[in-house]
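# what's the 3D shape of this:
(chains A and B)
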Amino acid sequence: MTRNVHTDITGYTDSNWVGNALDRCSTTGYCMLVGGNLVSWKSIKQQVVTRSSAKAEYRTMASASCELIWGKNLLADLGFVSHTPMILFCDN
Amino acid sequence: MLIIRHGASCLFLQVNIQLVVATFSRQNSTQMKQLKGLKPAWLIAQGFSQKFGIDYKETFSPVTKMIIVRVLLSVAVNQGWSLYQMDVRNAFLHGELEEEVFMKLPPGHPQSHSPNLVCKLHKSIYGLKQSPRAWHAKLNIALQKLGFTRSNANSSLFIQQNSTNKLIVLVYVDDLIITGSNENSVTKLKVDLQRQFSIKDLGKLKYFLGIELAISNKVVFLNQQKYILDILQDAEMLHTKPIITPLDSKLQLDSSSKPLLTFTTYQRIVGKFVYLTITRLAITFDVSLLSQYIHAPTTQHLDMMKCILRYLKGIIG
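Residues are numbered from 1 along each chain as shown, chains lettered A, B, ... in the order given. Below you'll find the predicted structure:
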């Protein structure tokens, strides 16, 4: 972890469409950075079958935004209220 | 006999009540070895002799998630705050019991054979089901009296803030991480806590939950080198030949390989791998793959586990 002199939140997401060929479920993958340092990450098979890679990507971004909002609330509890929007990157 | 002196009172039994049994257990920790000549023993309640609804009700006790620890480290290094660590001695003995718990006199007590004499516990002792919860409640009250508020995001995170200062305490059962914008208020908090609990000041944060931390004012470096060495020793593979990748990229699982007859070692070591993924993300996939077969591993899974151990041997340097 390095010093970047900010406490902004950034998220990166990606998905693997039909990651599992047997049940045709896609895979969610995201990571969250707080203050430029990696703090949280996840890679998990989605519960439903998506018919397009865009939909799989969209579902991934939805789960990642949940995590980001939790992180924003945690930082607010710690006394770091941010008014700038959090940035979420996706791979479309 | 601290517990008899402070934690319990003896009384005569009038009616039949639910009794908890306790035994003594010798601790072989390094801390104990320092007490030369003494052979101290812990009085441990046998939690399985407790009955739900009589001896205990709620037992849930919150612990910190690793994510919160990482967020705190990231915030501290970005703000240039120092991190400190404290450790509570005999933490569970501080907890106060809400329930009425009666205990048989411990073995070795001069009157342990008299049938009608029992102890009534005032404070929680090790082994009771509600001890972790009682201790957390006690610490929660103590910190709130010192002006801390509990975070909504995690109930083990305590924050004290006014217009100029911020002070954050993160609790992991009996380990406390303290950080804040003002060094003086950190020192004051340490004194306040030491007044209430028997608590050890471990100075700057160096070693927390098996993770070594190297902290400078620009970088925090997390390392589990000692933990890897412990795993290798446990698996008796300290002198193994290292490899550079944890698993074969074209690995095919063979359903015809023989099931293992004894697999407690496999289960224990894969369990340790899970904890190692905190700093070693490279083995995450391999560990999740091995974890899927934790209930019925085969010889192939054992070989895969050995590959990961050889990879770990290679990365500790």
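
# who in the stretch 201-317 of chain B is up against chain A?
Contact residues, the stretch 201-317 of chain B versus chain A (Cβ under 8 Å from any Cβ of the partner chain): B:217, B:218, B:219, B:220, B:221, B:222, B:281, B:284. C-betas here are computed from N, CA, C, even on glycine.

# repeat that with 6 Å
Residues of the stretch 201-317 of chain B lying near chain A by Cβ under 6 Å from any Cβ of the partner chain: B:218, B:219, B:220.

# Contact partners for the second one?
Translated: residue B:219. Neighbour list for residue B:219: residue A:2 [criterion: Cβ atoms under 6 Å, 6 or more residues apart in numbering or on different chains].

# what about residue A:32, which SS state?
The three-state assignment at residue A:32 reads strand, by DSSP: H, G, I helix; E, B strand; the rest coil.

# right, and it touches residue A:12 too?
No. Residue A:32 is beyond contact range of residue A:12, at 8.1 Å (criterion: Cβ atoms under 6 Å).

# of the two, who's got more company?
Neighbour totals were compared for residue A:32 and residue A:12, and residue A:32 leads with 25 against 17 (other Cβ atoms under 10 Å in any protein chain shown).

# Quick check: can you list the domain ranges of chain B?
If you go by automatic domain parsing, the domain ranges for chain B are B:2-215, B:225-315.

# Please tabulate those domains in CSV and include mean pLDDT and mean neighbour count as additional columns.
What follows is those, written out as CSV (pLDDT from 0 to 100; neighbours: other Cβ atoms under 10 Å in any protein chain shown):
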stretch, mean pLDDT, mean neighbour count
domain B:2-215, 79, 16
domain B:225-315, 87, 15
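
# Now that we have these, can you turn them into TSV and tack on distance to residue A:51?
Shown next, in TSV, are these (distance: least, Cβ to Cβ, whole Å):
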stretch	distance to residue A:51
domain B:2-215	33
domain B:225-315	27
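
# Return the subset of the residues of the stretch 201-317 of chain B next to chain A lying in strands.
Under the assignment DSSP state E, these contribute residue B:220 to strands.

# circling back: for residue A:87, which of the domains of chain B is the nearest?
domain B:2-215 (16.3 Å; Cβ to Cβ).

# Would you map the helices across chain A?
All helices of chain A, identified by DSSP state H, fall at A:53-77.

# near chain B, which residues of it show up?
Contact residues (Cβ under 6 Å from any Cβ) of chain A with chain B: A:1-5, A:7, A:34-35, A:37, A:39-40, A:73-74, A:77, A:79.

# ok, now with 7 Å
A:1-7, A:34-35, A:37, A:39-40, A:70, A:73-74, A:77-80 (Cβ under 7 Å from any Cβ of the partner chain).

# which strand is the longest one in chain A?
What stands out as the longest strand in chain A, according to DSSP E, is strand A:9-20.

# helices or strands up against it?
If you count contacts as 3 or more Cβ pairs under 7 Å, 6 or more residues apart in numbering or on different chains; DSSP states H and E, strand A:9-20 packs onto strand A:25-34, helix A:53-77, strand A:87-89.

# Of these, which stretch is the most buried?
Most buried of these by mean neighbour count (mean count of other Cβ atoms under 10 Å in any protein chain shown) is strand A:25-34; its value is a mean of 22.

# counting contacts, what elements does it pack onto?
Against strand A:25-34 (3+ Cβ pairs under 7 Å, 6+ apart) you get strand A:9-20, strand A:37-45, helix A:53-77.

# how about JSON lines for the ones you listed, with mean pLDDT added?
Below are those laid out as JSON lines (pLDDT from 0 to 100):
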{"stretch": "strand A:9-20", "mean pLDDT": "89"}
{"stretch": "strand A:37-45", "mean pLDDT": "89"}
{"stretch": "helix A:53-77", "mean pLDDT": "91"}
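
# Same list (the ones you listed) but as TSV, adding distance to residue B:168.
Converted to TSV, those look like this (distance: least, Cβ to Cβ, whole Å):
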stretch	distance to residue B:168
strand A:9-20	18
strand A:37-45	15
helix A:53-77	10
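
# Residue A:18: which of the domains of chain B is closest?
Closest to residue A:18 of these, according to Cβ to Cβ: domain B:225-315, at 18.1 Å.

# How far away from the center of its chain is that closest one?
Domain B:225-315 sits 24 Å away from the centroid of its parent chain (Cα atoms, centre = their mean, to the nearest Å).

# so how far is residue B:302 from the most far-flung residue of chain B relative to its centre?
For chain B, the largest distance from the centre (Cα atoms, centre = their mean) belongs to residue B:256, which lies 40.0 Å off. Computed as Cβ to Cβ, to the nearest Å, the residue B:256 to residue B:302 distance reads 15 Å.
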